[in-house]
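J.: Show me how the following folds:
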Amino acid sequence: MKSSLLGGLYFLLEKVLWVSNLKLFSVPTEEAVPEYHYDISRYKRGDLLEVPRTLFVHFGIYLGENRVAHLMPDILPLLSEEPSLLQRVVTNKRLVLGVLAKAASVRLDSVQDFAYGGRILVNHLDRSFAPREPLPGEEVARRAEELVGGIEYSLLWNNCEHFVTLCRYGSPVSLQTDKFCETVKRIIRDQRSVLASALLGLASMLCLGLGPSTTLPSILIPFSLWMAG
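T.: Okay, the predicted model is just below:
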């Protein structure tokens, strides 16, 4: 039952992504993971590893012995308990469905699987958190190890950056989330967004006609933006 449901969800997501021709995340599939060499001797236990990607930055905590703990959205733990499946690299399908289902897990992967061929930055966030000092490396790694396993996920409020900052600095913070929220705040405060939403609402009523599905959003959205601004 779980496997048939998983197959159906995968099939549906494939069709949606094919129709839209949109790559939501730049994470390769299992077959497409590049083979890059990483010098793991550069990393110390408790280091915060950072991999910049197209739409986001991914974070993890190095535990030593070529192991990285990192929080990844993943639908598969909700649908299967097969260890051989769960241990595989998280693919686009699993990641996107995990985001939608708000399901994730703190995984242990190799540096190669964690980075997916991307460039790794080490302790890059320390500059942003100065003058706050990071916790000792052993304490950071111990915190990360204690959190390994299934966890509730939120793209804005509990993502991979919250996980690593909790482990390394003692409090969950996401600078990516703060930047996104600040951008949204600026858009809401810009009164041109009220005018634009009002014009779009008027155009939809002219094209689709008057009705609850067009009239209410055309009034409520500009009004909400006006009041929020």
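J.: and the next element down the chain from the helix or strand of the chain with the lowest mean pLDDT?
T.: The helix or strand of the chain with the poorest confidence is helix 2-20; it has a mean of 45 (mean pLDDT, DSSP states H and E). Once helix 2-20 ends, the next helix or strand along the chain (criterion: DSSP states H and E) is strand 48-52.
J.: Please point out which parts of that following strand sit buried.
T.: Of the residues in strand 48-52, L48, L49, E50, V51 count as buried by neighbour count, 16 or more other CB atoms under 10 Å. (Glycine included, C-beta is placed from N, CA and C.)
J.: That one - what's its average pLDDT?
T.: When pLDDT is averaged along strand 48-52, the result is 96.
J.: Could you list the residues in contact with the helix or strand following that strand?
T.: Sequence-wise, the next helix or strand downstream of strand 48-52 (DSSP H and E) is strand 57-64. Residues outside strand 57-64 that contact it (CB atoms under 8 Å, 6 or more residues apart in numbering) are 43-51, 68-70, 108-109, 111, 114, 118, 125, 140-141, 144-145, 160-161, 163-164, 167-168, 176.
J.: Report the contact partners of A103.
T.: Contacts for A103 were tallied using CB under 8 Å, 6+ apart; they are P73, D74, I75, P77, L78, G150, E152, Y153.
J.: Okay, now the unreliable bits of the chain?
T.: The model of the chain has pLDDT under 70 over residues 1-35, 184-206, 208-229.
J.: returning to what we had before: now restrict the contacts of strand 57-64 to buried residues only.
T.: For these, buried by 16+ other CB under 10 Å: 43, 45-51, 68-70, 108-109, 111, 114, 118, 125, 140-141, 144, 160-161, 163-164, 167-168, 176.
J.: how deep is K179 tucked in, by neighbour count?
T.: 10 (other CB atoms under 10 Å).
J.: Tell me if I am right that it is in a helix.
T.: Yes. Counting by DSSP: H, G, I helix; E, B strand; the rest coil, K179 is part of a helix.
J.: Ignoring the adjacent residues along the chain, who's closest to K102?
T.: Excluding its sequence neighbours, the residue lying closest to K102 (CB to CB, 6 or more residues apart in numbering) is Y153, at 5.0 Å.
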